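Trainee: return a 3D structure for these sequence lines:
(chains A, B, C and D)
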There are 2 protein chains.
Amino acid sequence: MAIDPHSSRALYRQLADQLRSKIYSGELRPGAQLPTERELMDQYDASRNTVRLALGQLANEGLTVSGRGRGHFVRTSAPLLFLATRSESTDRRATTANDAWTTDVVSQGRTPAQTIEVSIVRPPENVASLLELEEGETAAMRKRVRTVDGEPNSLSMSYYPMSIVGTSEIIQPHDIVRGANRVLAEIGHDQVRYTDQITARMPTPYEQDTLRIGAGIPVHEHLRVGYDAADIAVRVAVTILPADRHIIQYELTSAQR
Amino acid sequence: MAIDPHSSRALYRQLADQLRSKIYSGELRPGAQLPTERELMDQYDASRNTVRLALGQLANEGLTVSGRGRGHFVRTSAPLLFLATRSESTDRRATTANDAWTTDVVSQGRTPAQTIEVSIVRPPENVASLLELEEGETAAMRKRVRTVDGEPNSLSMSYYPMSIVGTSEIIQPHDIVRGANRVLAEIGHDQVRYTDQITARMPTPYEQDTLRIGAGIPVHEHLRVGYDAADIAVRVAVTILPADRHIIQYELTSAQR
DNA sequence: GAGTGGTCTAGACCACGTC
DNA sequence: ACGTGGTCTAGACCACTCA
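Mentor: Okay, here's the model as predicted:
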């Protein structure tokens, strides 16, 4: 139980190992307070910096949170929200006055809200190349910040080539109740095929701030490219999902696999 | 460009901010060396611990790597490998002597290898409940460690209820060339439907070690449940994918969305 | 051997939460 | 008022890399 100061493994790593195993084993349950830094210093005869290195390690693994004047605590696994990426049936959206996401969230008994911002931009390079934009060509961006029960939930940016949507409702800074996808269909670019790419990374400071993401929590970056019947990319949607609040779910039948 | 010691923002955060923006802006390109700790101490008139706090922050964001005796460097974005979760056509597997994953990797011009380990275990709670196992009921686990071009690539654990596979080839500790899924089909449990769940988190120390994952790199946890024609869960596959080496990709047609 | 990061100590002041 | 974590300093020794 004690610590070997002559081990080749750094003191602070040994300390982190012991605390971590107490968390994994359940001896320290979610929400439980860890010993104070003072106690750990005394117990392991280590300096405060060393103790804080160990605690910082756990925080960066997403295992603990801390607060000035409070203490260090085992992170409580937040109640998880599902992102149903494949909806049960496509016709549902037609039967409601809300967009697909709002309907999804309401069906889970939560309260959704979102702000929408529309602008004309040069998209990031990876998006521009997926949309096959020429050098300097622009796209309409509809950016959403979504909240559930008042807590920030996700960040979503949809890009549409101006050459396609330049005169449509999509460039208006309003919520489109029937869905932007329906507008695309109305102007002759119904999406018939999608490619999804999912990456994971640590959040940028902007994302940490906007979505109130704690230390040690990664984000999913979910990117969806929509193609019309002529196999032209008409929409790229990039969604940032804090990983402590989201499980991405897909339903597939064996023909697809 | 200088730093305000009277700002409410901590010194080490300001320092991290400046270095980070140099990385994002491209002034410090991937592979470039950051100033040495000594130089930063002099330049910003800060103590070494403060400088190290700033550099540690960047490392935890996955932006930099460092090594004793070498220096701090901007992380080079590794060449990314695609995990094609939906293959182009299902018949391909029948035409080759290799399993689906091996075929995928070879088609990308890389060299795959894997070790397989088979055991009878009580699965983790979430898996047990997806398989609807009774209290104490066991499952066969086929665990793979996969490498590509000699580098560790992914960790995969497939669970099959013993009540279904207890007498089949699946519990033999050998590679099954025609695929375990085919064996399942042969014993009357062809999978006709899948549910995928994708989560992201920081790796455990075991995963960091086995897959050689650097600090600040999260992992995808990809979980696939396979159901047979009677809608019984016959297989749960959990795959751990280091996020710096993997993009998860899905292809969907509009009928599925 | 010189320079780099990795680890560790001892002490200090401050901001915040709780009582 | 007191105890907590947040920030910062000044110094030390060690292990590794590279010329």
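Trainee: where does A:Leu15 land on pLDDT?
Mentor: Looking at A:Leu15, its pLDDT reads 94.
Trainee: and it, which helix or strand is it part of?
Mentor: helix A:11-25 (DSSP states H and E).
Trainee: so how far is that helix off the chain centroid?
Mentor: 28 Å (C-alpha atoms, centre = their mean, to the nearest Å).
Trainee: in three-state terms, label the closest residue to DNA strand D within the stretch 51-200 of chain A for me.
Mentor: Here the residue of the stretch 51-200 of chain A nearest DNA strand D is A:Gly69; by C-beta to the nearest atom of the strand that distance is 3.0 Å. Quick note: C-beta positions are derived from backbone N, CA and C, even for glycine. Assigned with DSSP: H, G, I helix; E, B strand; the rest coil, A:Gly69 falls in the coil class.
Trainee: how far away is it from A:Arg9?
Mentor: Distance of A:Gly69 to A:Arg9, computed by C-beta to C-beta, to the nearest Å: 32 Å.
Trainee: so for these two, which residue has more residues nearby?
Mentor: Ranked by neighbour count (other C-beta atoms under 10 Å in any protein chain shown), A:Gly69 and A:Arg9 place A:Arg9 first, with 10 against 4.
Trainee: need the contact list for that one.
Mentor: Counting by C-beta atoms under 8 Å, 6 or more residues apart in numbering or on different chains, A:Arg9 touches A:Asp17.
Trainee: how about the helix holding A:Leu15 and DNA strand C, touching?
Mentor: Yes. Judged by C-beta under 7 Å from any atom of the strand, helix A:11-25 and DNA strand C are in contact via A:11-13.
Trainee: if you rank those residues by neighbours, which is first?
Mentor: Busiest of these [other C-beta under 10 Å] is A:Tyr12, holding 21 neighbours.
Trainee: for B:Val121, see how far away the closest residue to that residue other than its chain neighbours is.
Mentor: The shortest distance from A:Tyr12 to any non-neighbouring residue, by C-beta to C-beta, 6 or more residues apart in numbering or on different chains, is to A:Leu53 (3.9 Å). Computed as C-beta to C-beta, the A:Leu53 to B:Val121 distance reads 35 Å.
Trainee: repeat that for A:Ser47.
Mentor: 42 Å.
Trainee: cool, and A:Val238?
Mentor: 39 Å.
Trainee: and those two? Which one has more around it.
Mentor: More neighbours surround A:Val238 than the other of A:Val238 and B:Val121, with 20 against 14 (other C-beta under 10 Å).
Trainee: beta-bridge partners for the more buried one, please?
Mentor: A:Met157, A:Leu223 (DSSP bridges).
Trainee: is it true that it touches A:Met157?
Mentor: Yes. Between A:Val238 and A:Met157 a contact is recorded at 4.9 Å, counting by C-beta atoms under 8 Å.
Trainee: endpoint to endpoint, stretch A:100-118 covers what distance?
Mentor: 19 Å (C-alpha to C-alpha, to the nearest Å).
Trainee: I meant stretch A:102-119, not that one.
Mentor: Span of stretch A:102-119 from end to end, C-alpha to C-alpha: 22 Å.
Trainee: can you pull the residues of chain A lying near DNA strand D?
Mentor: Looking at DNA strand D, the residues of chain A close enough under C-beta under 7 Å from any atom of the strand are A:34, A:36-39, A:48-49, A:52, A:55, A:66-72.
Trainee: list phi and psi for A:Asp104.
Mentor: phi -60, psi -50 (degrees, to the nearest 10).
Trainee: relative to B:Thr50, how far out is it?
Mentor: In this view, A:Asp104 and B:Thr50 are 46 Å apart by C-beta to C-beta.
Trainee: you'd agree A:Thr199 is up against A:Pro218?
Mentor: No. The criterion here is C-beta under 8 Å, and A:Thr199 misses it with A:Pro218 at 10.0 Å.
Trainee: which neighbours do the two share?
Mentor: Common neighbours of A:Thr199 and A:Pro218 (C-beta under 8 Å, 6+ apart) are B:Ala243.
Trainee: strands along chain A, start to end?
Mentor: A:64-67, A:71-74, A:81-84, A:112-121, A:139-148, A:151-161, A:191-201, A:219-228, A:233-242, A:246-253 (DSSP state E).
Trainee: what's the burial count for the closest residue to A:Gly188 other than its chain neighbours?
Mentor: Of all residues not flanking A:Gly188 in the chain, A:Asp228 sits nearest, at 7.9 Å (C-beta to C-beta, 6+ apart). A:Asp228 sits with 19 neighbouring residues when counted by other C-beta under 10 Å.
Trainee: distance check, A:Asp228 against A:Ala215.
Mentor: Taking C-beta to C-beta, one finds A:Asp228 at 42 Å from A:Ala215.
Trainee: and what of A:Thr102?
Mentor: 31 Å.
Trainee: and for A:Val236?
Mentor: Look at A:Val236 and A:Ala215: by C-beta to C-beta, they are 30 Å apart.
Trainee: more neighbours: which of the two?
Mentor: More crowded of A:Val236 and A:Ala215, by other C-beta under 10 Å: A:Val236, with 25 against 18.
Trainee: in contact with that one, which residues?
Mentor: Taking C-beta under 8 Å, 6+ apart as the test, what A:Val236 contacts is A:123, A:127, A:130-131, A:158-159, A:223-226.
Trainee: please redo it, this time with the cut-off set to 7 Å
Mentor: Contacts for A:Val236 (C-beta atoms under 7 Å, 6 or more residues apart in numbering or on different chains) come out as A:127, A:130-131, A:159, A:223, A:225.
Trainee: how about the residue of the stretch 151-257 of chain A found nearest DNA strand D, nearest residue that isn't a chain neighbour?
Mentor: The stretch 151-257 of chain A approaches DNA strand D most closely through A:Ala215 (9.2 Å), counting by C-beta to the nearest atom of the strand. Leaving aside its sequence neighbours, A:Ala215 sits nearest to A:Ala59 (C-beta to C-beta, 6+ apart; 5.2 Å).
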